[in-house]
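>>> please find the sequence and the predicted model below.
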Amino acid sequence: MWKRDEAVRPVSGQPTAPPPSAPIQAGTPGSRSETSQHMEKDIVNIGKSVVIKGELNGSEDLTIEGHVEGTIQLKEHVLTIGPNGRIKAQVFAKAVIVLGEVMGNVTASDKVDIRDNGSVDGDIVAPRVAIAEGAHFRGSVDMQRKGIAPQPQAAKPVQAPAPAVAPQPQAQQAPVQAPGAPQRVGA
Amino acid sequence: MGLLDRIAPRRSESDVYPGSSVAVDDAVFATKALRKFLTCLTSRESPVLLDLGPVVGTNVSFFGEQLGCKIFVEDVFADLNRHVREGRLEALPEFLRKRFPQPGGSVDGILCWDLIDYLNRPAAQELANELSRVLRPDGALLGFFGTAQPRDMHYTKFVIVDDVNLKHRPYPAAQGRQAILLNRDIIKLFPSLRVSDSFLLQNNLREILFRKPA
């Protein structure tokens, strides 16, 4: 779908140049031996000059500094939109870190993180969303709590004879306050 | 020095904005109406919230993670700034009339902050009409309104600390407050809503909680 040319290269092949967007490494930059071990994990850059139109699928972490239009799917991996990245696409990933611009809906199974000067125009669906002070966002945020807890089905083993008396709907879990609080009217 | 200045001395622009950069000191104020607004929201499962201010990460986390809201962020302050910069303020009412894509009666709660003070009358009325349209029956609208003389050229980001405290974070505005609305003016803007609670805070901010009759 997209060619790996000189602008598309594994980070592990760049010995000295600092990565364009720091946050992609999970480890701290402290000890080099540890860092090099972490680098075993493939992290790929799409450089500034690269323009991709179409569907982008991958099974490794990816940093985009170029332009992408279409769809991006990194279902089990981290997508970082670098400061120079310009995305006009539907994005699906495990985690999405935005330092550049995204126009389109972003869906993440773990987290969406819009950093300073990052910009998102579109709807976000993710269990965790972080938006920095200087970030731009327009759209909706759905943290889909209902999607996180599909466990009740696993908890219905056939053992219990089910007395049919104790319906305990989960939705009753925690109303924050009684809605019938006294109301003061006056303008 | 006027009476208002004695009662509620406000920082001048130069205090708040040395040059063009905003001094962020994040004053914390108690809020009376927010908790009641939250109570309205939490009476619904997966409530839909419309936030008319600039996006604030902690607010998104608060409403999204703690209350399970679906949040629409519609930064009308940015729209206002753009219209002022382009010298097209007369087009703002028409713009606001088409601004909100949400279907009628689809929103459970609206955070209106102190936006309406910065709009001229026609724009304020169009905005109020639209907010009344998108709010579902029994939904709640929390509006903030100033009571001091319009002077400072800044908007305020309201950052939720908890359900009884807000941080006020000023940032530059393209135009200042247009008018200080009286309570009756505010109520007239929202003829289809009723005032549920109204508070005058020590910092001269009015909090008004509207409900749409079921």
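Arrived safely, thanks for sending. Values in this document were obtained by computation on a predicted structure and should not be read as measured data.

>>> show me what the longest strand seen in chain A is packed against.
Ranked by residue count under DSSP state E, the longest strand found in chain A is strand A:67-81. Where contact means 3 or more C-beta pairs under 8 Å, 6 or more residues apart in numbering or on different chains; DSSP states H and E, strand A:67-81 is packed against strand A:51-57, strand A:61-64, strand A:86-98. C-beta here means a position set from N, CA and C on the backbone, and glycine is covered the same way.

>>> in its sheet, what does the last one sit against?
The partner list of strand A:86-98 in its sheet, established with DSSP bridges, is strand A:67-81 (parallel), strand A:101-103 (parallel), strand A:106-114 (parallel).

>>> just put these in TSV and tack on mean pLDDT and mean neighbour count.
Listed next are the strands paired with strand A:86-98 as TSV, based on pLDDT from 0 to 100; neighbours: other C-beta atoms under 10 Å in any protein chain shown:
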stretch	mean pLDDT	mean neighbour count
strand A:67-81	95	20
strand A:101-103	98	21
strand A:106-114	96	21
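
>>> nearest to B:Gln125, of those strands?
Among the strands paired with strand A:86-98, the nearest to B:Gln125 by C-beta to C-beta is strand A:101-103 (31.9 Å).

>>> any chance you could list what contacts the closest one?
In this structure, residues lying in contact with strand A:101-103 by C-beta atoms under 8 Å, 6 or more residues apart in numbering or on different chains are A:Ile81, A:Gly85, A:Arg86, A:Ile87, A:Lys88, A:Ala89, A:Val91, A:Gly118, A:Ser119, A:Val120, A:Asp121, A:Gly122.

>>> one step back: need the helices and strands packed on strand A:67-81 in CSV (columns: mean neighbour count and mean pLDDT).
Shown next, in CSV, are the helices and strands packed on strand A:67-81 (neighbours: other C-beta atoms under 10 Å in any protein chain shown; pLDDT from 0 to 100):
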stretch, mean neighbour count, mean pLDDT
strand A:51-57, 15, 94
strand A:61-64, 24, 95
strand A:86-98, 22, 97
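
>>> could the contacts of strand A:101-103 be laid out in JSON lines, adding distance to B:Phe63?
Putting the contacts of strand A:101-103 into JSON lines (distance: C-beta to C-beta, whole Å) gives the following:
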{"residue": "A:Ile81", "distance to B:Phe63": "25"}
{"residue": "A:Gly85", "distance to B:Phe63": "28"}
{"residue": "A:Arg86", "distance to B:Phe63": "29"}
{"residue": "A:Ile87", "distance to B:Phe63": "26"}
{"residue": "A:Lys88", "distance to B:Phe63": "28"}
{"residue": "A:Ala89", "distance to B:Phe63": "27"}
{"residue": "A:Val91", "distance to B:Phe63": "23"}
{"residue": "A:Gly118", "distance to B:Phe63": "20"}
{"residue": "A:Ser119", "distance to B:Phe63": "21"}
{"residue": "A:Val120", "distance to B:Phe63": "17"}
{"residue": "A:Asp121", "distance to B:Phe63": "20"}
{"residue": "A:Gly122", "distance to B:Phe63": "19"}
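
>>> out of those, who's nearest B:His154?
A:Ser119 (22.6 Å).

>>> next up, the contacts around that closest one.
For A:Ser119, the contacting residues are A:Val98, A:Gly100, A:Glu101, A:Val102, A:Ala135, A:His136, A:Phe137, by C-beta under 8 Å, 6+ apart.

>>> ok, for residue 108, nearest residue in space, not its chain neighbours?
Picked chain A for this. A:Ala126 (4.0 Å; C-beta to C-beta, 6 or more residues apart in numbering or on different chains).

>>> that answer is for a different chain, and I need it for chain B
That would be B:Pro47: by C-beta to C-beta, 6+ apart, it lies 3.9 Å from B:Asp108.

>>> which stretches in chain B count as strands?
B:27-30, B:48-51, B:70-73, B:107-113, B:135-146, B:154-162, B:165-172, B:194-200, B:205-211.

>>> turn those strands into a markdown table, columns for distance to B:Arg184, mean pLDDT and mean neighbour count.
Shown next, in a markdown table, are the strands of chain B (distance: least, C-beta to C-beta, whole Å; pLDDT from 0 to 100; neighbours: other C-beta atoms under 10 Å in any protein chain shown):
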| stretch | distance to B:Arg184 | mean pLDDT | mean neighbour count |
| --- | --- | --- | --- |
| strand B:27-30 | 25 | 89 | 13 |
| strand B:48-51 | 25 | 96 | 24 |
| strand B:70-73 | 30 | 96 | 23 |
| strand B:107-113 | 18 | 96 | 23 |
| strand B:135-146 | 12 | 95 | 22 |
| strand B:154-162 | 24 | 92 | 20 |
| strand B:165-172 | 26 | 91 | 18 |
| strand B:194-200 | 11 | 95 | 18 |
| strand B:205-211 | 12 | 95 | 22 |
